[in-house]
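Trainee: next come a sequence and a model predicted from it.
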Amino acid sequence: MAAETTLLILGATGDLTSRLLLPALGQLLAREPHRRVRLRGAGMEDWDDEHWRQVVRESFASGGFEKAFDAVDESTYQQADITRKEDLERIMADPGDRLAMYFAVPPAVAASACDALADVKIPEGTVLALEKPFGVDQAGARDLNDRLARLVPESQVFRVDHFLGRSTTLNVLGVRFANRVIASVWSAQEIESVVIRYDETLGLEGRAGYYDHAGALVDMIQSHLLQVMAVVAMEPPATLHERDFRDATTAVLRATRVWEDDPATASRRARYTAGEVAGRALPSYVDEPGVDPALDTETLAEVVCEVRNERWAGVLFRLRSGKALGGKDGEIVVTFRKANHVPDGLVGPAPGSVLRFSLGPDHMDVELNVNGGDDPFELERATIGADLGEGALKAYGEVLSGILDADATLAVRGDAAEESWRIVDPVLASWRAGEVPLDEYPAGSLGPDHWPALP
Ligand SMILES: O=P(O)(O)OC[C@H]1O[C@@H](O)[C@H](O)[C@@H](O)[C@@H]1O
């Protein structure tokens with residue numbers, strides 16, 4: 001019989017659990033009903049099992065997977081303060097075949113819980129899953145890694161980054177590594193720049209408590225976009241097993257610096273003012289409830305990086321993400337260098353070819369110069385597109401399936417988490433020193449007018 005995993009969610013009464021984790025679990029169980037999962041919730045609220053089961057059922061139903069609740073072997077809730085050893089021992093009793101502890105709590109609480117866990121006997125094979133942000137800087141991430149290393153082996157620590165579970169990120173693997181025609185042009189010799197951007201129409205959505213201290217750089221670039229960049233730029237791994245895959249992506253991060261080591265010129269930041277997004281009026285960021293204007297939090301950030309190795313030296317990697325923008329748009333745009341020489345007689349501009357992956361709905365476009373119009377000597381642009389499969393599981397479901405299977409391929413490794421902070425720490429320092437102006441853009445626009453255009 002298949003091993004049964006006990007999924008213990010710490011912070012079970014929180015928003016992350018009901019909004020993201022449980023719907024993802026519902027989808028996973030609906031797809032793979034053979035899985036054997038016992039679901040345990042633990043949190044500060046005085047809930048009983050029935051209340052918890054109701055929350056689980058409703059969360060499953062919100063994703064259309066109400067029936068998946070039948071696939072849960074058992075679902076119980078315990079009130080607990082997870083920073084206390086006695087409470088941890090109580091909720092970890094009877095771990096079944098394998099225990100997966102998911103910390104759906106703020107980083108400071110997760111860190112205190114890890115300290116308390118040091119005095120608890122952790123069952124063999126237990127997996128610990130932690131949400132971002134992982135630390136607040138490189139030193140903090142290193143400290144948290146040290147604490148975790150005292151508890152379980154690294155391969156059992158899952159630093160969650162749902163962008164690694166996104167189908168588009170995974171689609172890059174097939175396109176890059178299963179096509180000789182692409183593999184042979186995937187380097188600085190042929191590629192001029194790579195843009196990875198995630199523009200959102202969403203504003204603050206009541207998350208001031210977290211976001212006002214994080215900002216767009218930490219919320220999106222330090223974590224998600226650097227991971228996507230690592231997949232785009234990695235050396236071909238021999239296999240997609242955890243060790244090969246994560247060695248290759250981490251090597252990219254180790255070689256990455258902000259452009260010319262000059263964060264003041266390689267980064268930009270801005271904050272939205274009042275405007276309208278998709279017919280909805282949004283107040284200025286600083287007027288959102290819970291925002292402290294003195295924190296100077298950016299809602300749009302851009303950092304240009306370079307990957308200093310033989311394959312990529314000299315290529316611009318431009319990472320950008322922001323909120324309350326005019327269009328929901330996430331994409332990876334690979335711009336190739338221009339042709340060395342276009343024969344005299346072919347008329348018109350011939351910009352470099354472009355390969356564009358849109359980050360949901362998953363689609364890929366190749367933009368080429370052609371001369372197929374009325375005038376056979378005039379160049380035009382043609383686009384060849386393909387819809388890519390979205391994957392049966394949404395990003396969180398993909399990540400969760402790795403956690404339940406104790407397969408860490410799509411989890412961020414400890415050294416990679418530290419490297420990501422090492423890359424952005426100088427940017428944060430430069431911003432704190434006031435070296436980069438905090439620009440403004442009206443909500444619903446595409447960002448400050450004077451920022452460089454996007455490809
Ligand atoms: O579009 P998705 O998959 O929800 O991912 C974007 C979200 O990712 C989260 O990790 C960020 O905290 C959010 O601010 C962001 O909106």
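Mentor: Looks like it came in fine.

Trainee: if you count neighbours, what's buried in the helix or strand harbouring A301?
Mentor: Taking DSSP states H and E as the criterion, A301 maps to strand 300-307. Across strand 300-307, burial judged by 16 or more other Cβ atoms under 10 Å covers 300-307. The C-beta positions use only the backbone N, C-alpha and C, and glycine is treated the same way.

Trainee: could you dump those residues into a markdown table with pLDDT and distance to A350 added?
Mentor: As requested, the buried residues of strand 300-307 are exported to a markdown table (pLDDT from 0 to 100; distance: Cβ to Cβ, whole Å):
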| residue | pLDDT | distance to A350 |
| --- | --- | --- |
| L300 | 98 | 32 |
| A301 | 98 | 33 |
| E302 | 98 | 28 |
| V303 | 98 | 30 |
| V304 | 98 | 25 |
| C305 | 98 | 28 |
| E306 | 98 | 26 |
| V307 | 98 | 27 |
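
Trainee: which ones, among those, also lie beside the ligand?
Mentor: Near the ligand, taking Cβ under 6 Å from any ligand atom as the test, no member of the buried residues of strand 300-307 is found.

Trainee: centre of the chain versus the strand holding A301, how much separation?
Mentor: 15 Å (Cα atoms, centre = their mean, to the nearest Å).

Trainee: what's whichever helix or strand comes after that strand packed up against?
Mentor: Later in the chain than strand 300-307, the nearest helix or strand by DSSP H and E is strand 316-322. Here strand 316-322 touches strand 191-199, helix 226-233, strand 300-307, going by 3 or more Cβ pairs under 8 Å, 6 or more residues apart in numbering; DSSP states H and E.

Trainee: got the CA positions of the second one in PDB?
Mentor: What follows is helix 226-233, C-alpha atoms only, in PDB (Å, rounded to 0.1, in the frame of the first residue of the first chain):
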ATOM      1  CA  LEU A 226      15.500  35.200  -9.800                       C
ATOM      2  CA  GLN A 227      14.300  31.600  -9.700                       C
ATOM      3  CA  VAL A 228      12.800  31.900 -13.200                       C
ATOM      4  CA  MET A 229      16.000  33.500 -14.400                       C
ATOM      5  CA  ALA A 230      18.000  30.600 -13.000                       C
ATOM      6  CA  VAL A 231      15.900  28.200 -15.100                       C
ATOM      7  CA  VAL A 232      16.300  30.300 -18.200                       C
ATOM      8  CA  ALA A 233      20.100  30.600 -17.800                       C
END
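
Trainee: which residues does whatever residue of the stretch 51-200 of the chain ends up closest to the ligand contact?
Mentor: When scored by Cβ to the nearest ligand atom, the stretch 51-200 of the chain has E200 as its residue closest to the ligand, at 5.5 Å. By Cβ atoms under 8 Å, 6 or more residues apart in numbering, the contact set of E200 is 321-325, 328.

Trainee: what's the lowest-pLDDT member of the residues you listed?
Mentor: Lowest model confidence among these falls on K328, which carries 77.

Trainee: and for the closest residue in space to that one that isn't next to it in sequence, the neighbour number?
Mentor: In space, and not counting its chain neighbours, K328 is closest to T201: 4.7 Å by Cβ to Cβ, 6 or more residues apart in numbering. T201: 17 surrounding residues under other Cβ atoms under 10 Å.

Trainee: does T201 touch L325 like I think?
Mentor: Yes - in terms of Cβ atoms under 8 Å, T201 counts as a neighbour of L325; the distance is 6.4 Å.

Trainee: near R271, how many other residues are there?
Mentor: 24.

Trainee: what's near enough to touch the residue located most distally from the centre of the chain?
Mentor: Distance from the C-alpha centroid of the chain, by Cα atoms, centre = their mean, peaks at G345 (47.1 Å). Applying Cβ under 8 Å, 6+ apart, we find G345 in contact with F377.

Trainee: near the ligand, which residues of this structure? Just list them.
Mentor: Checking the chain against the ligand by Cβ under 6 Å from any ligand atom, the hits are 200, 202, 219, 395.

Trainee: in helices, which of those appear?
Mentor: In helices, judged by DSSP state H, the following of the residues of the chain next to the ligand are found: A395.
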